[in-house]
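Undergrad: Starting from these lines, generate the structure:
(chains A, B, C and D)
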There are 2 protein chains.
Amino acid sequence: MHEDNPSEKHPRKPEPTSTTQLTLGAYLASVRQTLSMSLREVEDATKKEVSNAYLSQLEKGKIKKPDPNILYSLSETYGISYPNLMSLAGYIVASSTRSDTQHHGRVATFAEHALTKEEEEELMAYLKFIRDRKKKQHGQT
Amino acid sequence: MHEDNPSEKHPRKPEPTSTTQLTLGAYLASVRQTLSMSLREVEDATKKEVSNAYLSQLEKGKIKKPDPNILYSLSETYGISYPNLMSLAGYIVASSTRSDTQHHGRVATFAEHALTKEEEEELMAYLKFIRDRKKKQHGQT
DNA sequence: ACAGCGCGCTAAGGATTGCAAGCACCGAAT
DNA sequence: ATTCGGTGCTTGCAATCCTTAGCGCGCTGT
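TA: Numbering: from 1, shown residues only, chains lettered A, B, ... in the order given. All right, here's what the predicted structure looks like:
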């Protein structure tokens, strides 16, 4: 069991403005109050994607694992960071895996790997899989 | 039970529902079979984070919204892209991959396919997995 | 006073997740 | 032939999500 008591083992930070050790619920509540929105206003703003009842539970920490898409709706409505919400919810964030624009020096490629025919076929099939996926992946941001 | 519910509340991708019915389950099953791993091997490889029973259901498409962290475990043990799994599961991906148009053609058999960096890395990981598997047959990292 | 409205919040319940346990099947060793 | 281990898969169940109703409170106007 985990306790959600945000007021211990920490010398109490005076500035809750950053994305510190806040709980998801506390953070969401803070943002909503800052925007002076009611639970039902948020419900409408998200086009009923998040019910006022659920948001209440969310803010009170009664929900442990909210659907990522709900978090996304809230991030859009509030104008806050989606990955941050994901992180607060205990989900591993996709872009946290650093492997993007870094080591570019490893030329390598498959040329020097002497692919067997079997391997090549498998890799081709896999590549197709990846790309088929990306086609469907259009429609975000 | 139909997944064709028109009164969907949550943001779901406006997918054409035609052509490539590339589902999460099919993809996961494909990868696992390519790696020649049994359900229980994966269960062990993920340190019991994913039970064999659940993986079976996942592959058969019986699970609609798996926990992102489970998808992460699978992406790690399979050596595949986590955001891609998220996307397949219907979750909105945190920082969308803007990898298109990044082509830095690297020759080899795949040169004609103009691999992006991400694709290349994923394929490399995949190739490594294939070869690893052939060498050891069993054991862990 | 008392409607009426909006507020945060709670109750109850259907739906889904994820797991432990167990099933039926198969191939190999005894 | 029979046991043994391994395979995918199913079942039953507790836990959790998320929704629809509805409660109690405070406010405003008639």
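
Undergrad: low-confidence ranges in chain A?
TA: Counting by pLDDT under 70, chain A shows low-confidence ranges at A:1-21, A:95-141.

Undergrad: I'd like the distance between residue A:40 and residue A:55.
TA: 9 Å (C-beta to C-beta, to the nearest Å). All C-beta spots, glycine's among them, are computed from the backbone N, C-alpha and C.

Undergrad: quick one, which of these two is more surrounded?
TA: Remark: of residue A:40 and residue A:55, residue A:55 carries more neighbours, 25 against 12, as counted by other C-beta atoms under 10 Å in any protein chain shown.

Undergrad: Now do the same contact list for the more buried one.
TA: Counting by C-beta atoms under 8 Å, 6 or more residues apart in numbering or on different chains, residue A:55 makes contact with A:28, A:32, A:39, A:42-43, A:74.

Undergrad: Make TSV out of those and add neighbour count, distance to residue B:22 and secondary structure.
TA: What follows is the contacts of residue A:55, written out as TSV (neighbours: other C-beta atoms under 10 Å in any protein chain shown; distance: C-beta to C-beta, whole Å; DSSP: H, G, I helix; E, B strand; the rest coil):
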residue	neighbour count	distance to residue B:22	secondary structure
A:28	25	34	helix
A:32	19	38	helix
A:39	18	38	helix
A:42	22	34	helix
A:43	19	34	helix
A:74	24	29	helix
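
Undergrad: and the residues you listed near DNA strand C, which?
TA: By C-beta under 7 Å from any atom of the strand, the members of the contacts of residue A:55 lying near DNA strand C are residue A:39.

Undergrad: Widest-spaced pair of the contacts of residue A:55?
TA: Using C-beta to C-beta, those span at most 13.3 Å, a distance reached by A:28 and A:43.

Undergrad: what's the distance between residue A:41 and residue A:32?
TA: Using C-beta to C-beta, residue A:41 is found at 9 Å from residue A:32.

Undergrad: and chain A, which of its residues are near DNA strand C?
TA: Taking C-beta under 7 Å from any atom of the strand as the contact definition, chain A meets DNA strand C at A:38-41, A:52-53, A:56-57, A:59-60.

Undergrad: Check these and tell me the two furthest apart.
TA: It's A:41 and A:60 that sit farthest apart of these, by C-beta to C-beta, at 17.9 Å.

Undergrad: Could you look up the SS state of the nearest residue to residue A:93 once chain neighbours are set aside?
TA: Excluding the flanking residues, the one nearest residue A:93 by C-beta to C-beta, 6 or more residues apart in numbering or on different chains is residue A:83, at 4.7 Å. With DSSP: H, G, I helix; E, B strand; the rest coil as the basis, residue A:83 sits in helix.

Undergrad: Alright, that wraps it up for me.
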